[in-house]
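Colleague: Provided below are the primary sequence and the corresponding predicted coordinates.
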Amino acid sequence: MKVWFGQIYIEPGVSFPFNHHFQRYLSKEITDLVEPSTKFIKKYGSDFKLGFNVSAKKAIQDIEINGPTVFRKSKDVEYTIFLPFDVITHNAEVPKCALKFLMRGVCSVFESLDIDVAKILEKQDSLIEHICSDPTMFESGS
């Protein structure tokens, strides 16, 4: 199953500095770690992709997940994961904190679709460390 990540921020001044390299890296890594469940295939089909739009809101204290939105023509099932911006930006390690919230949201969506998250949980810390230690994953100047 192909999994992809995008970013769409709707509140002015509320965003994280992750860039397209981050999106591509995480998309590839998560795709390699999951298999579609019987539930997902029955509901959408084996050729559907699963997308995660990363966003953030100031007024929330924990992740908020919206979706799914289903696009039959492009064969996409999309969820938006809103990260708690104020909570994260008050943390000493903003990118790491944001990624931990994001991974929790991603796993929550997978679990709701009966998709096994064991491999993701096993590799989560190394994925987060890799992203946080690679300056190409962030917008320049951030």
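Modeller: Arrived safely. Numbering: from 1, shown residues only.

Colleague: how far away is residue 54 from residue 120?
Modeller: 16 Å (C-beta to C-beta, to the nearest Å). Quick note: C-beta positions are derived from backbone N, CA and C, even for glycine.

Colleague: Who has more neighbours out of these two?
Modeller: Comparing residue 54 with residue 120 by neighbour count (other C-beta atoms under 10 Å), the higher total belongs to residue 54, at 25 against 18.

Colleague: who's in contact with residue 77?
Modeller: When contacts are counted by C-beta atoms under 8 Å, 6 or more residues apart in numbering, residue 77 touches 40, 44, 48, 49, 50, 51, 67, 68, 69, 70, 71.

Colleague: Among these, which are located in strands?
Modeller: 49, 50, 51, 67, 68, 69, 70, 71 (DSSP state E).

Colleague: can you pick the most crowded of the residues you listed?
Modeller: The most crowded member of those, judged by other C-beta under 10 Å, is residue 50 (25 neighbours).

Colleague: Can you check what pLDDT the model gives it?
Modeller: According to the prediction, residue 50 has pLDDT 98.

Colleague: That one reaches residue 5, doesn't it?
Modeller: No - here residue 50 does not reach residue 5: they are 10.1 Å apart, not a contact under C-beta atoms under 8 Å.
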